[in-house]
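J.: Turn this into a model:
(one chain, ligands or ions: 1)
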Amino acid sequence: MKNNIEKSNFLKCQHVSLEVSNVDKSLEFYRNFLYMKLTERHKAGEHKDIPFEMAFLRLNEQHHDLVLTHNPNRNYTKKNDQNSPAGIHHFAFECSTRDIFLFYLSRARELNLKIVRGPVIHSSFNKNGDGTWGENESFYVLDPDNHRIEIFCDMAVINKKGEYINTDSLVVPDTIAEEI
Ligand SMILES: [Fe+2]
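T.: Sure, this is the predicted structure:
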């Protein structure tokens, strides 16, 4: 392995496990909005090492992409923007095309979900961009516990020289990754 990029090729960032106040409510949300499927669900204490409820949800073939956990002995309060403990700010689902992104945007509107930000293009290069980073087009909604979810498409990729390549295969001017 010559450098850190080659080392990092061994990994991909994959599932998120969320603590939720009500597994049924969250299951309904993720099934309805994102068409996720339940792989398996277990009661608290069903396994001697797992004193909390767990539900494993998948998008495709992989056993789980999202895990919902609920500890019946814990008091849950909703996250809010002003007064939350340190934790995950948001997590994101990538759409393979912009058409799919637009489908989920209309799906969110159809379900009357509150879109807390966007749709927005995170770019200082794109003439419609908001001056932020990543080149991706995104919108953000909240789940039943106010976990912030980003739905996005078209994020830049970083080539071997550290240049940002946008979805039209163009080098984004004046951008270079901090580490190559
Ligand atoms: Fe993000």
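
J.: Mind checking what secondary structure residue 172 has?
T.: When states are read from DSSP: H, G, I helix; E, B strand; the rest coil, the local structure at residue 172 comes out as strand.

J.: what about it, distance to residue 138?
T.: Note on residue 172: its distance to residue 138, by C-beta to C-beta, to the nearest Å, is 17 Å. All C-beta atoms are positioned from the backbone trio N, CA, C, and that covers glycine.

J.: what about these two, which has more around it?
T.: In this view residue 172 and residue 138 are compared by other C-beta atoms under 10 Å, and residue 138 has more residues nearby, 24 against 16.

J.: which one is the more buried one nearest to, not counting chain neighbours?
T.: Counting by C-beta to C-beta, 6 or more residues apart in numbering, residue 138 lies nearest to residue 152, which is 4.1 Å off, once chain neighbours are set aside.

J.: avg pLDDT for the helix or strand the one you found falls within?
T.: With elements delineated by DSSP states H and E, residue 152 resides in strand 148-153, which encompasses its position. Model confidence over strand 148-153, given as mean pLDDT, is 96.

J.: what about stretch 63-77, start to end distance?
T.: 29 Å (C-alpha to C-alpha, to the nearest Å).

J.: residues of it that come out buried?
T.: By neighbour count with 16 or more other C-beta atoms under 10 Å, stretch 63-77 contains the buried residues 64-68, 70.

J.: Do a quick rundown of the strands in the chain.
T.: If you assign secondary structure with DSSP state E, the strands in the chain sit at 16-19, 37-42, 53-58, 66-70, 90-94, 115-121, 137-142, 148-153, 157-158, 163-165, 171-176.

J.: hmm, back to that, can you list the strands that the strand holding residue 152 pairs with?
T.: Strands adjacent to strand 148-153 in the sheet, as given by DSSP bridges, are strand 90-94 (parallel), strand 137-142 (antiparallel).
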